[in-house]
Structures are given as structure tokens and as C-alpha cells.
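Visitor: Sharing a model prediction with you, sequence too.
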Amino acid sequence: MESKIRLQKVRINDITPDPNQPRKRISEGGIKRLADSYDGKGPEQPIIVRPYDGGYMLITGERRWRAAKSLGYTEIECIVKDIPDEKVLLLTQLRENLQREDLHPLEIGKAYLRANMSERKLAKELGVSRSRVHDYTNLAKNLSGLLTNQIGEGMLGLSTTQAIEIAKLKFTGKQFELAQVIVKHKITDYHHLYNFVKRVNLAMDMYGNIPMDDMLKEDAAGPSLEAIANEVLHVEKRRYAPREKKDFCDQLCSLITELSDALNPWLITNIPGSETARIKAQLENLSLQITLFQNGLVVPTSGGKSGVEAMS
């Protein structure tokens, strides 16, 4: 019986690239630099292929394959895997590429969408947080076409974090303008980006698709935007705030105590391995909420103080 995974030499010309693989951007300059690094020894790691139409199709390692081909290699060492299921193939490609951390953010998002799985299930399959899956799929779905070539390059050179937050702006037609403001004022910290984009969204929810100049002052977070955001947040606070502040504090302290007990090291060691990814994702989300709370990033009370100040 033939093994499902085997290591063997394969003729270069018997290998075909996968037209549906997540990676769509391959730099010729990068291929040349990779080829130069082989120093006559070839790739350090074998590429991964699967049997296809009498030959083989690439699963991962297209750049290494191209580099070896450019040097005139006739054979290359391969790990051959029998993967008949397209969804399993896509997940395998994602895992391999994510380990190398060299996929473009939009390629990651589009691959997540192609998997056609719930965010929770996909996160569990890949061992990443659910929030990561959500952010990258939202990036692929909602980032303005004017910005798709601006991540890490182009006139704006947006970071992945900046692009992810900009994609959360509901008015897609305003995303390029927002990106210009963010780059101009060098807003790079995640928490500043998160709160800034959230305020712009709140302002547009309240006043519609108004020009950025009508909201922003020179510091990119001026009084106009601040006042609009605070007004909306104050309404939300009144709508959802607990009737009794003391009851809320008691409930919060009780939940913190329960969580502290649940994080007992003995209990953690007995968590089933299948559940660790889900718990990790929830803890990452909790960590973000705690950071926001510690930095006073909470909605203002009717007295004008932050929620933290009002409770003291």
C-alpha cells in the first residue's frame, strides 16, 4: 500500500504550479535572491507537492521551485502528499505559508474566504485567534480597491494593522481619504488606530458621509471629531449602562474572581487539546479589553469623567 506522505526526488518539469494557491504575488527579484542563496546546494527544505494528472502539482514552495528551475536544476527534493480534498489542500497551504509569515495580508484574507468555514472553525483548524480570521476576511471583503496596492508599498505604504483598521470604515468611498490622514499624522499604534477609526465611524453614523475636513482638526483627532464621538458614546452609555453602578461593580468583581479560580494551573493542564485554540482566542480578546480598560479607553459618564474615574 502506497504511503500518503513520502520524500523523493521529482523532475522539475513534471511539477505544475497550483493556480488556486493562496500566494498570488511572486517577486522576480525575490526569486533571484533566493536562487543566489542556494550556493550550488539547492533549497534547504523540500517543496511539497501532490500527484496530479500524471505529474505533480505544487502545494507549497513555488518560489523555491522557480529558483531551482532558473538555475537549471533538473530535479528537486519533494515531500509528496496525497490530498484529494480541495478544502484540506487549501488548509494545508495556509498552514505552511502562515508558518513562513510571507503571505500578503490580502492573500491571507482571500484564502480564509475561500475556505468557506465559520470564523471559529477556521481559527481552530489553523491554530490562530478568531479575531485574526475576522480581521483578515474583513480586509479582503471591505478594503477599497484604491488601497489594495498600498499595503507595504505604493504611495502610502500602509502597515497591515493600518489597513485592517481602515477596512472597518463603513463608508468605503472615504477609506482612501482616511488612509491619507492616518499616514500624514503617523497614527501607527493599534489602540490609537482602533479608537480613531471607531470615532470616524460614529461620526459618519450620526452625520452621514460628510467631508473629513469637517470632522478633523490639524492633530487628526480634534475637537469636532471628539465632540461627535462623545455625544454618540454618551447616548450608548445611557442605553446600556446598568441601573445601579454598585451592582455592576459587584458583578464585575465576582466574574474576575471566578476567572482567576478557573485559570488555576492544575485546571489548565487538564483542558482538552481540541479546546486550547478556542480558549486562547477568548483570552486574547479578554486581554485586549483589559488593556483598553487600563488605559482609560471607556465611554464617558454623564458627569464628563471616564468610567474608571467615576467608579473611584
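Guide: Arrived safely, thanks for sending.

Visitor: Pretty sure residue 156 sits against residue 150.
Guide: Yes: under the contact definition of Cβ atoms under 8 Å, residue 156 touches residue 150, with a separation of 4.3 Å. For the C-beta atoms, the positions are set from N, CA and C on the backbone; glycine is no exception.

Visitor: measure residue 135 to residue 55 for me?
Guide: 38 Å (Cβ to Cβ, to the nearest Å).

Visitor: Ok, residue 162 next?
Guide: In terms of Cβ to Cβ, residue 162 sits 42 Å off from residue 55.

Visitor: These two: who's more crowded?
Guide: residue 162 (23 against 13; other Cβ atoms under 10 Å).

Visitor: Need phi/psi at that one.
Guide: phi -60, psi -50 (degrees, to the nearest 10).

Visitor: what's the neighbour count on the nearest residue to it once chain neighbours are set aside?
Guide: Of all residues not flanking residue 162 in the chain, residue 182 sits nearest, at 5.8 Å (Cβ to Cβ, 6 or more residues apart in numbering). Counted with other Cβ under 10 Å, the neighbours of residue 182 add up to 24.

Visitor: And for residue 188?
Guide: There are 12 residues near residue 188, going by other Cβ under 10 Å.

Visitor: Quick one: classify it as helix, strand or coil.
Guide: coil (DSSP: H, G, I helix; E, B strand; the rest coil).

Visitor: quick one: it from residue 196, how far?
Guide: According to Cβ to Cβ, residue 188 and residue 196 sit 11 Å apart.

Visitor: Sketch out the low-pLDDT regions of the stretch 101-250 of the chain for me.
Guide: Within the stretch 101-250 of the chain, the segments meeting pLDDT under 70 span 101-102, 213-250.

Visitor: which residues of it fall in helices?
Guide: Along the stretch 101-250 of the chain, the stretches classed as helices by DSSP state H, counting those that start in this stretch are 105-115, 119-126, 130-142, 160-166, 175-184, 190-207, 223-240, 245-262.

Visitor: hang on, the earlier thing: now the residue nearest to residue 162: how far from residue 158?
Guide: Distance from residue 182 to residue 158, by Cβ to Cβ: 8 Å.

Visitor: Pull up the overlap in contacts between these two.
Guide: residue 166 (Cβ atoms under 8 Å, 6 or more residues apart in numbering).
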